[in-house]
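K.L.:
Output the structure for:
(3 chains)
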Amino acid sequence: MEMSANRLFLAKLDEAARWAQSSSVWPLTMGLACCAIEMMVIPAPQYDISRIGSEVFRSSPRQADLMIVSGRVSQKMAPIVRRLYDQMAEPKWVISMGACASSGGVFDNYAILQGVDQVIPVDVYVPGCPPTPDGLIYAINLIQQQIRTGGRGGILARA
Amino acid sequence: MGDRSRHTVSTAVDPTAVRPPIHDVDEIVRTTPGELRDVLQRLKAEGYAQLTDLGAADYLSREPRFDVVYHLTALPTRVADVAGVGRPKRARVLCGVDDGVPVPTVCDLWPNANWPEREVFDLFGISFSGHPDLRRIQMPADWEGYPLRKDYPLRGPARDRTPRPPFANKENVPSRVPPTGEVAELLRMEILERMRDTGSNEGES
Amino acid sequence: MSNLPDWISGAGNPPDIDPQAMVAAASPEVIARGDDEMVLSMGPQHPSTHGVLQVVLGIDGEEVTHAEPEIGYLHTGIEKSAENLFWNQALTVIDRMDYLGPITNDFAFCLAVEKLLGITDRIPRRAQQIRVLMSELTRITSHCIWLGTHAIDLGAISPFFYAVDLRENILDLIEAASGARMNPTYFRVGGINGDLPDGFLERLDELIAKFPGRMRDLRDLLQQNPIWTDREIGVGVISAEDAVAWGLTGPSLRASGIAYDLRKAYPYSTYDEYEFDVPTRTEGDSYARFLVRLDEMEESMRIIRQVRKKLEPGPVMVDDPSIALPPKPSIAVSMESLIHHFKLVSEGFRVPPGDVYAAVEGPRGEIGYYVVSNGDNRPWRVRTRPASFYNLQALKKIAAGNLIADVVVMIGSLDPVFGEVDR
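P.N.:
Next up, the predicted model:
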């Protein structure tokens, strides 16, 4: 996008649409365990996620674009996570927050899915147990970058 | 030093029979399923108004195999201040039970026994006769097996048979796999170009 | 017999879940009687259920006739994991049970193992005092989150920001001491991991100075607010007798009139040296539970002030080489220290056989551990006495006859944490 001399923005519609989309990524409240607490404090003043447009946590999957799977996914919860993901409207993104959601974390046992990517596709993995809220905000920034640049390969998006 | 030797200790088959000099509860009673209700009714009449905890343990090679453990606390049942509460008595009742033998329920004595008995049934397979609603509580309703038994594998039976997959194997990670090779190079060039266009100084290598 | 259904490996879609069938299978007790009654599933994904809880409600219009909470959506197998880890390693998974008050879980487990080892009298005083300090700081952070989320459930958004601001200040302190904001796993069997860093006590003083103003803010926002009092007074009344019979402990029990606090009843770890009251109310409704928790935050700060004054210098780990790691700097210069460290980390220590029950006063009530050791370097059985499990079960008793909106108030005032309920 460039601004001309008479203060007109010239941009491709695609870029403008991606800019708007990336500035208002609304997360779904998929708070499962300890990571959910760190996710809950990001709208608070210390970390303030409203400056990047995501403070509106929607409870209904129909109204959300981003599912932040924060916490360990148990055997009973797995079909429900999948059902909620299916209920979200395209385009949708998924952040797997924390070690448990990314790979099972400390819990390598019968009860926990070894990574939520066994049931839904994930765009950004955030390590940590739990990750600090800064880490989650960085992950949302990476999602915004993915939206703006159009690339889906998370590790290729440079930061 | 006078402490109990930790260096030449052998593993005990029945740890509950070893009574180390610890004063954690005031009364310990060992009983069987047949006498369990009499014991618990007697203790409740003596003032143990709260069933603090109901759990179980699996002593694999011991006869009887399981222990259902009841912890009781003698709390007052009317409004009481700190002095009125004092130091409540605690009791532990251990009921040894074999695989397949049911244990009588205590839901009528203490209403909060409902969920813990369901949990013991779910995770150990010990059934409670007379329970109003005995079904799985922690595991999904169609789960097979009793996870906290000692002969149930930690990682679950299916995963225990298959070796741990290597990291980010294409076969077992159905999520989007980043492209490799030529496609990756092209995509990278395109992204860098777009970043240059938007004036972003990220991605400068 | 497979852990996961076939559709999860990516081939195909999950089977269609029939909500009516799921609800009917979940709660056979909740049956629709007549035409006026409906069965509604509240959860497991719901903004107001404080985590993954499904409450199956039988409702007649807005009024609840029957409520059956369904749990297990966060079952983590922590007890089984702990059986396969060394005694100190088990602390990492046990920390993640009550994740709002993580240190208190470790506290109870450490007390239990130390009883089995017979070293309870040899824990250094400084370690005990720091344990008390961390425990009370955690209690305040837990009540802050409880207050914030409970207020948001009822529509009051502002208290959340004030409460989280206070919590952030405390988490900075916990992070300075232990390295992690949440799930710090700061305690070890025999003491604590490392001493408080330089500057910690000055920052603690700043917090102590800031606290009364922040508490005043929180009280001003909610305590006399007519909307708050209308929604909370008289809702979810539990009598003292019912509270004891249903296994309630902690603030929920104290709000029903019984001043049972393990810090006073069975004092542990120098708690008998501090002066503090046990806030109690007799009404037993949600407003009483709210007031009790607010008062408890102030009592916790009172204890923290006393610990700050009485904190003694000294070691923070028991003087027993078979349990305690050698000081880290010595590993670089001493071969024996290196071998000692290696053996303890790779093999752990053995605990003599026996079974023990030890409990502490967590933010939600009595968190206890029934630990069985068969003499090995791993626990044989770690049975948790989960405070929230029993607190939440009382919902079955108190929900009937109220409105659906009141169920939200009741769940919030009972303050369940699902890491502990489901383990």
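
K.L.:
got any ranges where chain B has weak pLDDT?
P.N.:
Low-confidence segments of chain B (pLDDT under 70): B:1-11, B:159-180, B:183, B:197-205.

K.L.:
Show me the strands in it, by range?
P.N.:
B:27-31, B:50-58, B:66-73, B:90-97, B:103-104, B:128-129 (DSSP state E).

K.L.:
would you list every one of the helices in chain B?
P.N.:
B:33-45, B:82-85, B:114-124, B:157-161, B:182-197 (DSSP state H).

K.L.:
How about the spatially most central residue of chain B, nearest residue that isn't a chain neighbour?
P.N.:
Taking C-alpha atoms, centre = their mean, the centroid of chain B lies closest to residue B:148, which sits 6.9 Å from it. Leaving aside its sequence neighbours, residue B:148 sits nearest to residue B:123 (C-beta to C-beta, 6 or more residues apart in numbering or on different chains; 4.0 Å). Using the backbone N, CA and C atoms, a C-beta is placed for each residue, glycine as well.

K.L.:
Looking at the strands of chain B, which is nearest to chain C?
P.N.:
strand B:50-58 (3.8 Å; C-beta to the nearest C-beta).

K.L.:
what about that closest one, near chain C?
P.N.:
Yes. Counting by C-beta under 8 Å from any C-beta of the partner chain, chain C is contacted by strand B:50-58 at B:50, B:51, B:52, B:53, B:55, B:56, B:57, B:58.

K.L.:
So which of these reach chain A?
P.N.:
Counting by C-beta under 8 Å from any C-beta, no member of the residues of strand B:50-58 next to chain C reaches chain A.

K.L.:
Let me have those residues in a markdown table, extended by distance to residue A:109 and neighbour count.
P.N.:
Output for the residues of strand B:50-58 next to chain C, formatted as a markdown table (distance: C-beta to C-beta, whole Å; neighbours: other C-beta atoms under 10 Å in any protein chain shown):
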| residue | distance to residue A:109 | neighbour count |
| --- | --- | --- |
| B:50 | 32 | 29 |
| B:51 | 28 | 27 |
| B:52 | 27 | 24 |
| B:53 | 23 | 26 |
| B:55 | 19 | 24 |
| B:56 | 18 | 25 |
| B:57 | 18 | 23 |
| B:58 | 16 | 22 |
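
K.L.:
just the helices of chain B: most buried one?
P.N.:
Between the helices of chain B, helix B:114-124 has the highest mean count of neighbours, a mean of 23, where neighbours are mean count of other C-beta atoms under 10 Å in any protein chain shown.

K.L.:
which other helices and strands contact that helix?
P.N.:
Here helix B:114-124 touches strand B:50-58, strand B:128-129, helix C:387-393, going by 3 or more C-beta pairs under 8 Å, 6 or more residues apart in numbering or on different chains; DSSP states H and E.

K.L.:
Could I get the buried residue list for the longest helix belonging to chain A?
P.N.:
Determined from DSSP H, the single longest helix within chain A is helix A:133-149. Buried residues in helix A:133-149, counting neighbours by 16 or more other C-beta atoms under 10 Å in any protein chain shown, are found at A:133, A:136-137, A:139-140, A:142-149.

K.L.:
ok, so of those, who is nearest residue C:274?
P.N.:
residue A:133 (33.2 Å; C-beta to C-beta).

K.L.:
where's the closest one relative to residue A:100, distance?
P.N.:
17 Å (C-beta to C-beta, to the nearest Å).

K.L.:
now do residue C:153
P.N.:
25 Å.

K.L.:
the more surrounded of these two?
P.N.:
residue A:100 (30 against 18; other C-beta atoms under 10 Å in any protein chain shown).

K.L.:
in what helix or strand does that one lie?
P.N.:
Remark: residue A:100 resides in helix A:98-103, with elements defined by DSSP states H and E.

K.L.:
what about that helix, distance to the chain center?
P.N.:
14 Å (C-alpha atoms, centre = their mean, to the nearest Å).

K.L.:
Need the contact partners of that helix.
P.N.:
Helix A:98-103 has contacts (C-beta atoms under 8 Å, 6 or more residues apart in numbering or on different chains) with A:32-35, A:69-73, A:96, A:105-107, A:112, A:114-117, A:122, A:125-131.

K.L.:
wait, which of the helices and strands packed on helix B:114-124 is closest to residue C:344?
P.N.:
Counting by C-beta to C-beta, and looking across all of the helices and strands packed on helix B:114-124, nearest comes strand B:50-58 at 27.0 Å.

K.L.:
For stretch B:17-33, buried residues please.
P.N.:
Quick answer for stretch B:17-33 (16+ other C-beta under 10 Å): B:20, B:22, B:24, B:25, B:29, B:31, B:33.

K.L.:
Residue A:141 and residue A:14: what is the separation?
P.N.:
Residue A:141 is 21 Å from residue A:14, by C-beta to C-beta.

K.L.:
what about the strands in chain A?
P.N.:
Going by DSSP E, chain A shows strands at A:2-3, A:9-10, A:27-28, A:66-70, A:93-97, A:124-126.

K.L.:
In a markdown table: the ones you listed, plus mean neighbour count, mean pLDDT and distance to chain C.
P.N.:
Shown next, in a markdown table, are those (neighbours: other C-beta atoms under 10 Å in any protein chain shown; pLDDT from 0 to 100; distance: least, C-beta to the nearest C-beta, whole Å):
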| stretch | mean neighbour count | mean pLDDT | distance to chain C |
| --- | --- | --- | --- |
| strand A:2-3 | 10 | 72 | 36 |
| strand A:9-10 | 9 | 80 | 34 |
| strand A:27-28 | 26 | 90 | 8 |
| strand A:66-70 | 28 | 92 | 11 |
| strand A:93-97 | 27 | 91 | 13 |
| strand A:124-126 | 24 | 90 | 14 |
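
K.L.:
quick revisit: restricting to the buried residues of helix A:133-149, which residues neighbour chain B?
P.N.:
With C-beta under 8 Å from any C-beta as the criterion, the buried residues of helix A:133-149 include A:148, A:149 near chain B.

K.L.:
how about the buried residues of helix A:133-149 in CSV, adding pLDDT and distance to residue C:400?
P.N.:
Output for those, formatted as CSV (pLDDT from 0 to 100; distance: C-beta to C-beta, whole Å):
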residue, pLDDT, distance to residue C:400
A:133, 91, 39
A:136, 91, 40
A:137, 91, 43
A:139, 91, 43
A:140, 91, 42
A:142, 88, 48
A:143, 88, 44
A:144, 89, 47
A:145, 84, 51
A:146, 83, 49
A:147, 84, 48
A:148, 84, 52
A:149, 80, 55
